[in-house]
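**Q** attaching a predicted model along with its sequence, questions to come.
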Amino acid sequence: IVAPEANKVREGLAREDLFTVVHDLFLTETAKFADIVLPATSSFENTDLYTSYWHHYVQLQQPVIEPCGESKSNVEVFRLLAQAMGFDEQPLRDTEEEMIEQALDAPG
């Protein structure tokens, strides 16, 4: 929907030789083309840091419910993929809280 030349994107996603995995909270138009849809958590289930286009504040999002079913956050999916592929670098093991602290401590 948001990609330029959306019809070409749809044609590409509909190819028989393409295996597609989507990680999303909703059954989006892209997810409908997927061979596998991995359930994603919502912002109600994640620890995250948000910024705004309108002010210079950052906001800490803390989970208010446990993840539903087998849903996983983006961070957890990346961490599990890294482990499965044998990557063991420290940044891939950092918790959400550690990543937020690092982002806030970064010069810039």
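**A** Cool, the structure landed.
**Q** and for residue 93, nearest residue in space, chain neighbours not counted?
**A** residue 79 (7.1 Å; C-beta to C-beta, 6 or more residues apart in numbering). Every residue, glycine included, has its C-beta placed from N, CA and C.
**Q** ok, now residue 36?
**A** residue 21 (4.7 Å).
**Q** isn't that neighbour right up against residue 40?
**A** No - using C-beta atoms under 8 Å, residue 21 is not in contact with residue 40; the gap is 11.9 Å.
**Q** those two: which is more packed in?
**A** Set residue 21 next to residue 40 and count neighbours by other C-beta atoms under 10 Å: residue 40 wins out with 19 against 11.
**Q** tally of neighbours for the closest residue in space to the more buried one that isn't next to it in sequence?
**A** Nearest residue to residue 40, sequence neighbours excluded (C-beta to C-beta, 6+ apart): residue 25, at 4.5 Å. By the measure other C-beta under 10 Å, the count of residues near residue 25 is 14.
**Q** just the pLDDT at residue 25, thanks.
**A** Looking at residue 25, its pLDDT stands at 95.
**Q** can you give me the helices in the chain?
**A** For the chain, applying DSSP state H gives helices covering 6-13, 74-84, 96-105.
**Q** so where's the protein uncertain?
**A** The chain contains residues with pLDDT under 70 at 1, 108.
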